[in-house]
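*Asks:* here is the input, now give the coordinates:
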Amino acid sequence: MLTLKSHQLKAALNCAATKDVRYYLNCIALQCIGEQVYILATDGHVLFAGKPETVWTGEVQRGPWTIIIDSATVKAACKTGTHDVTLAALPDGKYSLGATIFAPVDGRFPDWQKIVPSKTDGAIAQFNPRLLVNCAKALGDWQQSKKPALPYVAHNGNSAAIVTTSDETAFCVVMPCCIERGASPFEVSPIAKAFAEAA
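*Replies:* Numbering: from 1, shown residues only. Okay, here's the model as predicted:
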């Protein structure tokens, strides 16, 4: 049996898809590599990854293993108001998360480690503001903050960027908006330029 923090499960939901045809993205994933458990979620544009506080009761179930949990189950487990949520395997192949019984989602969660850049080059990029807000909410929930976190974006040009805070146990990866070749992210829009010149 594995005990997790409800606020850390809730954090991942901010970056999960909601009505994606790729049903396994409308979920969070618990993945274990060795003895390290990760909480993961992605909507295909932004990824959340965190190393949660975990307590095993009984034998530690070493990885590799992955359990994909639908968002409705996670929401129900987090609504109980309890700080700790237990994940336990049941004899029929199902699991319990808190008081909710569920069957793991049948699917292959994206290989998230392949999209995490090993370094960033600092080249400025533009991002969908909604994705950055989701990152801020996720990282804020992870820290049990009542407000979204103030994130730091490690820009990486047209490649994936890393979004972090002072808490080194969780981060997000976000894809930039595509900018036409030759266009500069610092170029002043014609409308803004016209307003400034008319003032």
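
*Asks:* mind listing the strands in the chain by residue range?
*Replies:* For the chain, strands defined by DSSP state E occupy the ranges 2-5, 27-33, 36-42, 46-50, 55-56, 65-70, 84-89, 95-97, 100-102, 152-154, 161-164, 170-174.

*Asks:* CA atoms only for the first one - export them in PDB, please.
*Replies:* Written as PDB, here are the backbone C-alpha positions of strand 2-5 (Å, rounded to 0.1, in the frame of the first residue of the first chain):
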ATOM      1  CA  LEU A   2       1.300   3.400  -1.000                       C
ATOM      2  CA  THR A   3       0.400   6.600   0.800                       C
ATOM      3  CA  LEU A   4       0.400   9.900  -1.200                       C
ATOM      4  CA  LYS A   5      -0.400  13.500  -0.400                       C
END
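
*Asks:* let me have the strands of the chain in TSV, extended by mean neighbour count.
*Replies:* From N, CA and C alone the C-beta is placed, and that goes for glycine too. Listed next are the strands of the chain as TSV, based on neighbours: other Cβ atoms under 10 Å:
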stretch	mean neighbour count
strand 2-5	20
strand 27-33	22
strand 36-42	22
strand 46-50	25
strand 55-56	12
strand 65-70	18
strand 84-89	16
strand 95-97	20
strand 100-102	16
strand 152-154	15
strand 161-164	21
strand 170-174	24
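
*Asks:* which of these has the lowest average pLDDT?
*Replies:* Among the strands of the chain, strand 55-56 carries the lowest mean pLDDT, a mean of 91.

*Asks:* and that one, what other elements does it pack with?
*Replies:* strand 2-5 (3 or more Cβ pairs under 8 Å, 6 or more residues apart in numbering; DSSP states H and E).

*Asks:* skipping its backbone neighbours, what lies nearest the most centrally placed residue in the chain in space?
*Replies:* Centroid-nearest residue in the chain: Phe48, 1.9 Å away (criterion: Cα atoms, centre = their mean). Nearest residue to Phe48 in three dimensions, chain neighbours excluded: Cys15, at 3.8 Å (Cβ to Cβ, 6 or more residues apart in numbering).

*Asks:* burial count for the one you found?
*Replies:* Number of residues near Cys15 (other Cβ atoms under 10 Å) recorded here: 26.

*Asks:* what pLDDT does it get?
*Replies:* 97.

*Asks:* check contacts around it.
*Replies:* Contacts here follow Cβ atoms under 8 Å, 6 or more residues apart in numbering; on that basis Cys15 touches Ala41, Thr42, Asp43, Val46, Leu47, Phe48, Asn134, Cys135, Ala138, Cys172.

*Asks:* so which of the strands of the chain comes closest to Gln144?
*Replies:* strand 2-5 (8.5 Å; Cβ to Cβ).

*Asks:* packing partners of that closest one?
*Replies:* Using 3+ Cβ pairs under 8 Å, 6+ apart, the elements in contact with strand 2-5 are strand 55-56, strand 84-89.
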